[in-house]
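In: quick one, structure for this:
(chains A and B)
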Protein chains: 2
Amino acid sequence: MQLSKFTRISLLGSTGSIGLQTLDIVENHQEHLQVVALCAGSNSLEKLTAQIIQFKPDLVCVPTEEDRKKLIELLGARRPWKLDIVTGEAGLIAAASLSSCDLVVTGVVGAVGIKPTWQAVRAGKNIALANKETLVAAGSVIMSEAHKNGVKIIPVDSEHSAIFQSLQGYSNDDIDYLWLTGSGGPFRTWSKEMMEGATKSDALKHPNWSMGPKITIDSATMMNKGLEIIEARWLFNLSAKKIKVLVHPQSILHSAVEYKDGSIVGQMGVPDMRLPIHYALFYPERVPSSRVPRLDLVKLGSLTFEPPDYDKFPCLLMAKEVAESDTTLPCVLNAANEVIVDSFLKDLLPFKQIPRLLEAVLSLHKPVKNPDLDDIFEADAWARQEAFRLVSAPISSI
Amino acid sequence: MQLSKFTRISLLGSTGSIGLQTLDIVENHQEHLQVVALCAGSNSLEKLTAQIIQFKPDLVCVPTEEDRKKLIELLGARRPWKLDIVTGEAGLIAAASLSSCDLVVTGVVGAVGIKPTWQAVRAGKNIALANKETLVAAGSVIMSEAHKNGVKIIPVDSEHSAIFQSLQGYSNDDIDYLWLTGSGGPFRTWSKEMMEGATKSDALKHPNWSMGPKITIDSATMMNKGLEIIEARWLFNLSAKKIKVLVHPQSILHSAVEYKDGSIVGQMGVPDMRLPIHYALFYPERVPSSRVPRLDLVKLGSLTFEPPDYDKFPCLLMAKEVAESDTTLPCVLNAANEVIVDSFLKDLLPFKQIPRLLEAVLSLHKPVKNPDLDDIFEADAWARQEAFRLVSAPISSI
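Out: Here you go, the predicted model:
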């Protein structure tokens, strides 16, 4: 197959779930895709070493100077002589705006993705956006900068990729509603009372998707779908009122666009992130893949749909309410959620406390209207501090 | 809403199912749509009279001189002074190539649609194609002429409209497979033995769609889906091997495109022809409608899918086998099917005889390779004659 382009990729978060699947695709399309930068966290330096040796990037970024030394040691004589190893936030930004890069895959989890994405957009790099927190916290700022620089933001979230694919040939002016589908997570069939006693291991059992732990917990609270409403709002430049949530336990219809004429166009596939990643890496071309698993429509059997239960999933309701706001509230929601979910994963609080703590942080925040990037980082820092404080406080005091 | 165009329509088959629904849409969008020609059959002159008075076309076509006289009488003093009334095939062609017309809606049923569609294409008119027989019998001829004249063929069949919509932004080169969905008709859950005794009233009970009698019988035999394979083959310029049939009893997913990368994009809606008609009339724009009913995804409940049973539906198998052929065989299949179904509707033969008679006509035909329009009309006439002969013959002699 003749492709019209060759794409050089900076991969932020190369050892996480999105990163590994991105490299799986790149490995299978070396004639069209090349990795020029890899960035990973402190606890996966050995995996990163193997990736460096296989993909031979120009630049690698690790969090600290100590990580850098460890990495040099791990690479030893196998270190490619032209490899730059950089560190910290400045290093992430260097990777995201590397001159040899065409496309930045933002596979990092959390608000750490905001600054490098911002700098990548300013440097005119197209973005394969897997870091939804960037748009949740800083959507208006990032999208207006992308527009100014003629940068394409191609979603990697399966839901937003489905909408993006279903919208080809049309524009957001043609949309009446977006339908964001979600499996409903591990607690879809649990009663509200049962959920009060949910354990970490219960919450980590996602029925369909294999993802990182933070996003899996966000699926259990349905905060994930809430953050996706906010992400979709900015990505497709729509009022949040036009974005509806549809529970679809089989995760086959990945989302859909309801056009103004009543026609609904949606995208289907097996629940596997390699498809939206593959699509984003090759967009706008459709390229065959031996790595993306196929959906067999004949074997589908039955697809079911139900409305979301906002009473059982207060995090979803909170996000939906905050979604319309042009203030720092979505940023605070996201930052506080990161701290609270991290604390839950460290066994510092029970599952049922997640929405309560979130609500407490939101209620204490003084929102800033039409925030700039500084306002957003300030709100982010404030929310983290408040969330830490509340996580550490005795439950009765909240 | 600001639309970029005003469309003047010639409507062939104005008093049939597609015609009535087209006029329902036109009535609701008089600021953007206008009817300039109406064509109808002998047995609906009163309905046509009312349509003429309401829509004030420039031209009207009826089958015979006698119909013309009746129509003039029915119109009486209400006849718009500038109205031309023409007759027969020449009249249909005049309507299809009227200089004031931008778009021809081919809502007539059967091979009668071929010649006017051909002439409309030669006159550079865009086609809203609801007459699938045109492409089944003369696909290669019509499509190459459309290509030559820069004419858009916009499908009105719900399945092909779904594929057309799902393909926006991409081209047929990007397709791996098309999935044509079908309800399975009234006999989906019947055994092969039960179907042997099916009556006309059983066959006319379509579970989801309200359509004309001929197409309803074609749904009962699943010949409709077979003809759609052939139609899709020409419309999307694909090998028939790339077109799969999927039984989907709820008729909500109207069909889908499986792209080369494994992603499946499909279109959904309530089973109501006004949506694909509306889409075709306004293509490529998406225009709000108060007439097109909405699908509520939350209330969908369950969508099911199953493979087609070729043993139970021999007409589907026959069409599938003939679909790949670049000969007069698809034309013969279609013409013979028209005669046989018409005879069934006139109670001249039992349901189970439909596939047997069809097979008999097909087996007697000497196919012409890469036929031109004359070969096609000759094969069409031959097939009708053979089918009449076999319908009239004692069953034992077939």
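
In: since we're on residue A:59, how many residues are nearby?
Out: The number of residues packed near residue A:59 is 20, by other CB atoms under 10 Å in any protein chain shown. The C-beta positions use only the backbone N, C-alpha and C, and glycine is treated the same way.

In: skipping its backbone neighbours, what lies nearest it in space?
Out: Closest residue to residue A:59 apart from its sequence neighbours, by CB to CB, 6 or more residues apart in numbering or on different chains: residue A:37 at 4.3 Å.

In: assess the claim that that neighbour and residue A:102 are in contact.
Out: No. Residue A:37 is beyond contact range of residue A:102, at 11.5 Å (criterion: CB atoms under 8 Å).

In: re earlier: quick check: phi and psi at the residue nearest to residue A:59.
Out: Main-chain dihedrals, residue A:37, degrees, to the nearest 10: phi -150, psi 140.

In: so what sits opposite it in the bridge?
Out: Per DSSP bridges, the residues bridged to residue A:37 are residue A:10, residue A:59.

In: quick one: contacts for it?
Out: A:9, A:10, A:11, A:57, A:58, A:59, A:60, A:61, A:95, A:98, A:101 (CB atoms under 8 Å, 6 or more residues apart in numbering or on different chains).

In: re the thing from before, what's the overlap in contacts for residue A:37 and residue A:102?
Out: Listed as contacting both residue A:37 and residue A:102 by CB under 8 Å, 6+ apart are residue A:9.

In: backbone dihedrals for residue A:260, please?
Out: When read as degrees, to the nearest 10, the backbone of residue A:260 gives phi -60, psi -30.

In: residues in contact with it?
Out: Shown in contact with residue A:260 (CB under 8 Å, 6+ apart): A:174, A:175, A:176, B:286, B:287, B:288.

In: picking up where we left off before, please indicate which of the contacts of residue A:37 are buried?
Out: A:9, A:10, A:11, A:57, A:58, A:59, A:60, A:61, A:95, A:98, A:101 (16 or more other CB atoms under 10 Å in any protein chain shown).

In: what about the closest residue to residue A:117 other than its chain neighbours, neighbour count?
Out: Leaving out its chain neighbours, the residue that sits closest to residue A:117 by CB to CB, 6+ apart is residue A:134, at 4.6 Å. Counted with other CB under 10 Å, the neighbours of residue A:134 add up to 29.

In: same deal with residue A:273?
Out: Residue A:273: 23 surrounding residues under other CB under 10 Å.

In: thought residue A:62 was touching residue A:89?
Out: No. Using CB under 8 Å, residue A:62 and residue A:89 do not qualify as a contacting pair, with a distance of 11.9 Å.

In: how much space separates residue A:233 from residue A:171?
Out: 16 Å (CB to CB, to the nearest Å).

In: of residue A:62 and residue A:89, who's got more company?
Out: residue A:62 (25 against 13).

In: any chance of the buried ones among the contacts of residue A:37 in a markdown table, plus pLDDT and distance to residue B:314?
Out: What follows is those, written out as a markdown table (pLDDT from 0 to 100; distance: CB to CB, whole Å):
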| residue | pLDDT | distance to residue B:314 |
| --- | --- | --- |
| A:9 | 98 | 53 |
| A:10 | 98 | 58 |
| A:11 | 98 | 55 |
| A:57 | 97 | 60 |
| A:58 | 96 | 63 |
| A:59 | 98 | 64 |
| A:60 | 98 | 64 |
| A:61 | 98 | 65 |
| A:95 | 98 | 62 |
| A:98 | 97 | 62 |
| A:101 | 97 | 58 |
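
In: which stretches of chain A have low pLDDT?
Out: Residues of chain A meeting the criterion pLDDT under 70: A:1-4, A:394-398.

In: can you get me a residue count around residue A:49?
Out: Counted with other CB under 10 Å, the neighbours of residue A:49 add up to 21.

In: domains of chain A?
Out: Per automatic domain parsing, the domain ranges recorded for chain A read A:7-155, A:157-270+A:292-324, A:325-392.

In: indicate which one of those is closest to residue B:202.
Out: The closest of the domains of chain A to residue B:202 is domain A:157-270+A:292-324. By CB to CB, the value is 26.5 Å.

In: roughly how far is the closest one from the heart of the chain?
Out: 13 Å (CA atoms, centre = their mean, to the nearest Å).

In: one more: stretch A:342-362?
Out: Put simply, stretch A:342-362 sits 20 Å off its chain's centre (CA atoms, centre = their mean).

In: many thanks, have a good one.
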